[in-house]
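**Student:** Okay, predicted coordinates and the sequence, questions at the end:
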Amino acid sequence: MAEDCIFCRIIKGEIPSNKVYEDDKMVAIHDVAPAAPVHVLLLPKEHTDNVTTAAPELLAYMLGKVKTIAEQTGIAEKGFRVVINTGEEGGQTVNHLHIHVIGGKALGWPPC
Ligand code: AMP
């Protein structure tokens, strides 16, 4: 746990969140500023900064849960987007690894 990390504080329950999934390794919460009708963030319980610092096994585990989250939030059938912003130029604003799962409407591309 990182004391000043907002996602660690959410995981500890110090900051409220709207959870859609939880197990021993991760939680999934609704994004506070959704970019689409469904916008969920998958967060590992153990702090790691981003995709470059995370163990490959953890990344595989979290990506393996995307289907469950997509089904649970009703976006699996029509399709959705999975995004991992990484570092300053990658648009990462919270330095705790998180996987965005975004859907519920037709999404534009490219994102830049
Ligand atoms: P990123 O820009 O990839 O680092 O994404 C960070 C995401 O965290 C943004 O989509 C924010 O809207 C979201 N966010 C920030 N604070 C909270 C919070 N307290 N609860 C839920 N989502 C949050």
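**Tutor:** Nice, thanks for sending it over.
**Student:** who in this structure is up against the ligand?
**Tutor:** 6, 10, 15, 17, 29, 31-33, 41, 85, 91-94 (Cβ under 6 Å from any ligand atom). C-beta here means a position set from N, CA and C on the backbone, and glycine is covered the same way.
**Student:** out of the residues you listed, which is most surrounded?
**Tutor:** Most neighbours among the residues of the chain next to the ligand, by other Cβ atoms under 10 Å: Leu41, with 23 neighbours.
**Student:** Of the residues of the chain next to the ligand, which belong to strands?
**Tutor:** Mapping those onto strands (DSSP state E) picks out Ile29, Leu41.
**Student:** Quick check: helices, which of the residues of the chain next to the ligand are part of them?
**Tutor:** Among the residues of the chain next to the ligand, the ones falling in helices (DSSP state H) are Ile6, Ile10.
**Student:** Out of the residues of the chain next to the ligand, which is nearest to Lys65?
**Tutor:** Nearest to Lys65 among the residues of the chain next to the ligand, counting by Cβ to Cβ, is Leu41 at 12.1 Å.
**Student:** Grab the nearest non-local neighbour of the closest one.
**Tutor:** His98 (4.7 Å; Cβ to Cβ, 6 or more residues apart in numbering).
**Student:** Pull the residues that contact the helix or strand where Met62 lies.
**Tutor:** Assigned by DSSP states H and E, Met62 falls within helix 56-64. Contacts made with helix 56-64 from outside it, assessed by Cβ atoms under 8 Å, 6 or more residues apart in numbering, are listed as Lys25, Met26, Leu42, Pro44, Glu46, Thr48, Val51, Val82, Ile99.
**Student:** mind redoing it with 6 Å?
**Tutor:** If you take Cβ atoms under 6 Å, 6 or more residues apart in numbering as the criterion, helix 56-64 is touched by Lys25, Met26, Leu42, Pro44, Ile99.
**Student:** Fine by me, thanks again.
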